[in-house]
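> Fold the stuff below for me.
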Amino acid sequence: MSKGPSFFSEFGKKAKDVLTKDYSPDQRFTISSTNATGVALSSTVGKNGGLSSGNVTAQYKHKNAVLDVKIDTESNQILTTITITDILPSTKTVASLKLPDYDSGKLETQYSHEHATFSTAISGKTFPVIDFSATIGTPSIAFGAESSYQTETRTFMRYNAGVSMTKPNSSASVILADKGDSLKASYLHHLDELNGGAVVGEISRKFSTNENTLTVGCSYLVDPHTLVKAKLNNHGNLATLLQHELKAKSYLTISGTFDTKALQRTPKFGLALSLKP
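Sure thing, here's the model as predicted:
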């Protein structure tokens, strides 16, 4: 665990990763490489239904700075991100810009302390949006909040608050979001019986519609190179995933989603192949 509390954006992240990471109905192929100058290149092509997309990314690291450039053929945009750590002690600064939308620039600064973290971001040029988050506590328990302020209308677009608890073998979080209209609680526990895998439970409630969603999931390490995951919610949506490491940092992922309350519907399957020669 880190020396201080986690950022608010990381509350419940471990449970969320088990329930959402790598589940996709797309067919994707990614190949990555690193050349002699230290530039990491990655190219991805994908297909979702009848729509095809692709992107090319490049990353260059120099001392405490990282430059990322992504060319997205689907949106016809170029995303450039510069990340610099330790300009000041315990800080990270991230600047990003989407071309040709010059009004999409964003500047974010993160600061970590032994008992607190802060993050502030300003995006947009004409009417900036200001995002702010803060947490206090320890690596074991932290309380936090975040908000987003629109300078054009002088109103808060969102404000969320929550608590996160972390132990070596488990983590839990409770987050009040959507301006108090929704509540989400999650719990993750690692089990030796799953070879280092985990079981997860998440419940969310939308107060305005009185809608409740309960999702349970698990991950299981079949062996050091093979991961199996599954999740099911109270609406009957079942998803499964098999991920196998073909060789170091090269993965084959097969996923499927099923509606257990309407088995006559055709299941959706996803296939992703990521190669790093």
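
> mind checking the SS state of Leu242?
The assignment at Leu242 comes out as strand when based on DSSP: H, G, I helix; E, B strand; the rest coil.

> neighbours around Pro25, how many?
Look at Pro25: counted by other Cβ atoms under 10 Å, it has 15 neighbours. Where C-beta positions appear, they are placed from N, C-alpha and C, glycine not excepted.

> pretty sure it is touching Ile254, no?
No - assessed by Cβ atoms under 8 Å, Pro25 is found out of contact with Ile254, at 11.6 Å.

> intersection of neighbour lists for those two?
Shared contacts of Pro25 and Ile254 (Cβ atoms under 8 Å, 6 or more residues apart in numbering): Phe269, Gly270.

> how close does the closest residue to Leu88 other than its chain neighbours get to Val66?
Nearest-residue entry for Leu88: Tyr111, 8.0 Å, with adjacent residues in sequence omitted and distances by Cβ to Cβ, 6 or more residues apart in numbering. Using Cβ to Cβ, to the nearest Å, Tyr111 is found at 18 Å from Val66.

> re earlier: look up which residues are beta-bridged to the residue nearest to Leu88.
Beta-bridge partners of Tyr111, counted by DSSP bridges, are Thr91, Phe118.

> May I see the buried residues of the strand or helix carrying Ala142?
Using DSSP states H and E, Ala142 falls within strand 141-150. For strand 141-150, the neighbour count (16 or more other Cβ atoms under 10 Å) marks Ala142, Gly144, Glu146, Ser147, Ser148, Tyr149 as buried.

> Am I right that the third one is in contact with Phe8?
Read it as Glu146. Yes - counting by Cβ under 8 Å, Phe8 is a contact partner of Glu146 at 4.9 Å.

> Give me the common contacts of those two.
Shared contacts of Glu146 and Phe8 (Cβ under 8 Å, 6+ apart): Ser133, Ala134, Asn160.

> which one of the buried residues of strand 141-150 is nearest Leu246?
Leu246 lies nearest to Ala142 out of the buried residues of strand 141-150, by Cβ to Cβ, at 37.9 Å.
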